[in-house]
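Student: sequence unknown, structure follows:
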């Protein structure tokens, strides 16, 4: 059930971005805000990376957008295809990491059971993270072309 909800929310973000031009995907919500659909996609790629590669997978942290604070939201001139490829790649890698776990109560690599971050906690957190940002995506998409829905 947790995996199904996580994939539902991943697909929802994808749907919010479908059919838009690169410029529309880069469009910011309101002046002074860096929030855009492309920024959300790049941000969620980083979130997937953080929880599934670093915390659960035990890899050294080498995030893509970490040279400056909120770099993933700085999308002026950003390569849209690269942003989506990064996010989709991290989602695919996350599924591979999840498949290695025998139990939702197992913790990530190099963590102590009981004191570490479990697969269950991570999946619930990721659902919450996507749900929150999909709410942002709803408003962004509606402002771009009036589309509403899941």
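Tutor: Ah, there it is. All values derive from a computational prediction rather than experimental measurement.
Student: contacts, neighbours, all on C-alpha from now
Tutor: Fine.
Student: show me the contacts for the most centrally placed residue in the chain.
Tutor: Geometric centre of the chain, nearest residue: residue 44, 1.8 Å, by CA atoms, centre = their mean. Residues counted as contacts of residue 44 (CA atoms under 8 Å, 6 or more residues apart in numbering) are 87, 130.
Student: and the one helix or strand it maps to, average pLDDT?
Tutor: Using DSSP states H and E, residue 44 sits within helix 37-48. In this model, helix 37-48 has an average pLDDT of 96.
Student: do I have it right that residue 38 meets residue 25?
Tutor: Yes: between residue 38 and residue 25 there is a contact under CA atoms under 8 Å: 5.1 Å.
Student: between these two, which is the more surrounded one?
Tutor: Using other CA atoms under 10 Å as the criterion, residue 38 and residue 25 rank with residue 38 on top: 28 against 23.
Student: how near is the residue nearest to the centre of the chain to residue 101?
Tutor: According to CA to CA, to the nearest Å, residue 44 and residue 101 sit 22 Å apart.
Student: could you tell me which residues touch both of residue 38 and residue 25?
Tutor: residue 80.
Student: next, the buried residues of the biggest helix by length in the chain.
Tutor: If you go by DSSP state H, the chain has its longest helix at helix 119-145. For helix 119-145, the neighbour count (16 or more other CA atoms under 10 Å) marks 119-120, 122-123, 126-127, 130-131, 133-134, 136-141 as buried.
Student: residue 76: which of these is nearest?
Tutor: residue 140 (16.3 Å; CA to CA).
Student: next up, the contacts around the closest residue to that closest one other than its chain neighbours.
Tutor: Distances taken as CA to CA, 6 or more residues apart in numbering place residue 29 nearest to residue 140, at 5.9 Å, with adjacent residues excluded. Taking CA under 8 Å, 6+ apart, we find residue 29 in contact with 35-36, 140, 143.
Student: mind running it again at 10 Å?
Tutor: 35-37, 136-137, 139-141, 143-144 (CA atoms under 10 Å, 6 or more residues apart in numbering).
Student: just put those residues in JSON lines and tack on distance to residue 61.
Tutor: Output for the contacts of residue 29, formatted as JSON lines (distance: CA to CA, whole Å):
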{"residue": "35", "distance to residue 61": "24"}
{"residue": "36", "distance to residue 61": "25"}
{"residue": "37", "distance to residue 61": "25"}
{"residue": "136", "distance to residue 61": "27"}
{"residue": "137", "distance to residue 61": "27"}
{"residue": "139", "distance to residue 61": "32"}
{"residue": "140", "distance to residue 61": "30"}
{"residue": "141", "distance to residue 61": "32"}
{"residue": "143", "distance to residue 61": "35"}
{"residue": "144", "distance to residue 61": "35"}
